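Visitor: With the input below, show me the fold.
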Amino acid sequence: MMNAYFITEKDFKNFVSAMVQSLTVIGPVAKRKKFVFAKLESAEDLRLDYDVTLLPPKKEFFPPSQDMVRFEKDKYEGCISPQEKILLGVHFYDIKAIDMTDRLFREKNEDWNYLANREAATIIGSNIQTISERAFWGTVGKDVPPKGHDGFITKINGGYVYETRGDKGEALVKFGSFAKATDAQVKEARAVNENVMGKCPEKLNRSSKEIAEKVRKAFSKEAFWEALAEDCFSCGSCNIVCPTCYCFDVQDNWNLDQVSGARTRYWDACLTEDFAKVSLGGGATENFREERAERFRHRIMRKASYLNEKLGGPACVGCGRCSAACTSDIADPVNVINKIMEA
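Guide: Sure, this is the predicted structure:
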């Protein structure tokens, strides 16, 4: 089901207020000079004019710390407990990232610690009104459209066009004073979303296929990767803020009674030194990516090449979070990839 509606600026605030009063609504809110996805307490908190959030919205389905099993002596119980929520105001690049994560957590052994939360959510996208300084979503994975959302809001003159993508999106119409959108309003909304695509401050200069092939061929250029990674602190910040990273570590945490506790998973980062370290027994270990350059290379390979065939495009959506989070300003995929393409 796909319908297009229009709602005025004034009525839109009432629409959001009605949802906040009846449902759990997560949306972009200001945090000092930055933005985060958080539970809305009122319609006034919603900032659809945000540029990019500090952490991606995947945290609503795959939190940084997530209990998987709780145990006590010989008893245990799973921790899957999905809560219905509305994720409102998601930019298209983050919707694409959620699409990728959906696919990766569903293949082979389905991960219901993620999927249960994901399926309980309604995702409503919104157009990009402000562009972040490190964004390059206009030139990455252009052949991969966002598809895993239930509705999309676009700000136009006088109000908003709300396009539903299914029953979940349609169910929200009852909370607002919507009218059927005219052809002119739908056309204006389409133009708004198309026009913003060429305004990113950073750009990739080649197609995803060309990039994937040449990045893969650059694997053996050790001096190149060593130079790029020279200033890397191995902090993993670029991984932690990435909307498409999905690696995690699992730890058993015991309570003081030493008979109860929880098995918890935490976001992990392939740039950190211990990520690829494994035990050989007897206190011995082996690290498959011991050097910074190897880890730096692995991240770029994963984003630009390794997963392309599976995902239909790169495992990068151009949000620019990694570039902004990097202390030494070396994580920017645009800089690395364009250097490879120009070589």
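
Visitor: rest of the way, CA atoms for contacts and neighbours
Guide: Noted.

Visitor: which residues pair with residue 266 across the strands?
Guide: residue 65, residue 249 (DSSP bridges).

Visitor: Contact partners for it?
Guide: 63-66, 248-250 (C-alpha atoms under 8 Å, 6 or more residues apart in numbering).

Visitor: What are the neighbouring residues in contact with residue 65?
Guide: 264-267.

Visitor: How about residue 159?
Guide: If you count contacts by C-alpha under 8 Å, 6+ apart, then residue 159 has 6-10, 12 around it.

Visitor: Bridged to it, which residues?
Guide: residue 8, residue 156.

Visitor: Quick check: residue 5 touching residue 162?
Guide: Yes: Residue 5 is within contact range of residue 162, at 5.0 Å (criterion: C-alpha atoms under 8 Å).

Visitor: Between these two, tell me which one has more neighbours.
Guide: Of the pair residue 5 and residue 162, residue 162 is the one with more neighbours under other C-alpha atoms under 10 Å, namely 28 against 19.

Visitor: Check the secondary structure at the more buried one for me.
Guide: strand (DSSP: H, G, I helix; E, B strand; the rest coil).

Visitor: same deal with residue 256?
Guide: coil.

Visitor: picking up where we left off before, filter the contacts of residue 159 down to the buried ones, ChimeraX style.
Guide: The following ChimeraX line selects those of the contacts of residue 159 that are buried, judged by 16 or more other C-alpha atoms under 10 Å:
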select :6,7,8,12
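
Visitor: Show me how the record splits the chain into domains.
Guide: 4-198, 208-342 (automatic domain parsing).

Visitor: Any chance of a markdown table for these, columns mean pLDDT?
Guide: Shown next, in a markdown table, are those (pLDDT from 0 to 100):
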| stretch | mean pLDDT |
| --- | --- |
| domain 4-198 | 97 |
| domain 208-342 | 96 |
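
Visitor: how close does the residue of the chain most remote from its centre get to residue 275?
Guide: Going by C-alpha atoms, centre = their mean, the residue of the chain most distant from its centre is residue 282, 39.6 Å out. As judged by C-alpha to C-alpha, to the nearest Å, residue 282 and residue 275 stand 20 Å apart.

Visitor: again with residue 145
Guide: Per C-alpha to C-alpha, residue 145 is found 32 Å from residue 275.

Visitor: between the two, who's got more neighbours?
Guide: Legend: neighbour count by other C-alpha under 10 Å for residue 145 and residue 275, higher for residue 275 (19 against 12).

Visitor: The more buried one belongs to a helix?
Guide: No: counting by three-state DSSP, residue 275 is located in no helix; its state is coil.

Visitor: before we move on, what SS does the spatially most central residue of the chain have?
Guide: By C-alpha atoms, centre = their mean, the chain has its centre lying nearest to residue 243, at 2.6 Å. Assigned with three-state DSSP, residue 243 falls in the coil class.

Visitor: In contact with it: list those residues for me.
Guide: Contacts of residue 243 (C-alpha under 8 Å, 6+ apart): 55-58, 94, 97-98.

Visitor: Could you do residue 41 as well?
Guide: residue 20.

Visitor: Are we agreed that it is in a strand?
Guide: No: per three-state DSSP, residue 41 lies outside any strand segment and is coil.

Visitor: just how off-centre is stretch 272-285 within its chain?
Guide: On the basis of C-alpha atoms, centre = their mean, to the nearest Å, stretch 272-285 sits 29 Å off its chain's mean C-alpha point.

Visitor: meant to ask about stretch 83-94, not that
Guide: With C-alpha atoms, centre = their mean, you get 10 Å for stretch 83-94.

Visitor: Can you point out the buried residues in that stretch?
Guide: 84-94.

Visitor: swap in stretch 160-176?
Guide: So stretch 160-176, judged by 16+ other C-alpha under 10 Å, has buried residues 160-165, 168-170, 172, 175-176.

Visitor: Strands of the stretch 201-343 of the chain, start to end?
Guide: 248-254, 260-267, 277-281, 284-287 (DSSP state E, counting those that start in this stretch).

Visitor: what does the stretch 1-150 of the chain give?
Guide: With DSSP E, counting those that start in this stretch as the criterion, the stretch 1-150 of the chain has strands at 4-8, 25-31, 34-39, 65-72, 75-78, 85-90, 121-126.
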